[in-house]
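> Quick one: sequence plus predicted model below, questions after.
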Amino acid sequence: SWQLQHRKNYASEADIAARRLTWLESRELVEEQNDRPDSWTAELNEFADLTWPEFQAKRLMAPQNCSSDASAKLPEALDWRQKIP
């Protein structure tokens, strides 16, 4: 079973029920994706029992402000070979 394959252990019967519901929702999304013709194929993985907010909190980094400074003056060209010591 998926639970054994991914070595999932849950603390209580309530947790098992909640995780199963989330897993069933994930399975439905996978089936919907795979029913689409001419598209990519999805599978259930070890994260299928996590809600999206749980997955974000456990696996994704916090958002970072990586936007550039539009007012920065950059050269038209730069020869990086001249920058190597």
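Sure, I can see it.
> Need the distance between the two termini of stretch 78-85.
15 Å (CA to CA, to the nearest Å).
> Correction: the previous question concerned stretch 1-16.
This stretch, stretch 1-16, spans 14 Å end to end (CA to CA).
> same deal with stretch 70-85?
The first and last residues of stretch 70-85 sit 29 Å apart, counting by CA to CA.
> Of all the residues in it, which ones are buried?
Neighbour-count burial for stretch 70-85 flags no residue at all (criterion: 16 or more other CB atoms under 10 Å). In this view, the C-beta of every residue, glycine as well, is placed from N, C-alpha and C.
> Then stretch 18-33?
Burial within stretch 18-33, assessed by neighbour count using 16+ other CB under 10 Å, is assigned to Arg19, Thr22, Trp23, Ser26, Val30.
> Asp49 reaches Arg7, doesn't it?
No: using CB atoms under 8 Å, Asp49 is not in contact with Arg7, being 11.8 Å away.
> These two: which is more packed in?
A direct count of neighbours by other CB atoms under 10 Å for Asp49 and Arg7 places Asp49 higher, at 24 against 7.
> which SS class is that one?
In three-state terms, and counting by DSSP: H, G, I helix; E, B strand; the rest coil, Asp49 is coil.
> mind listing what the residue nearest to it when sequence neighbours are not counted touches?
Among residues not flanking Asp49 along the chain, Arg19 sits closest, at 4.2 Å (CB to CB, 6 or more residues apart in numbering). Residues counted as contacts of Arg19 (CB atoms under 8 Å, 6 or more residues apart in numbering) are Lys8, Tyr10, Asp49.
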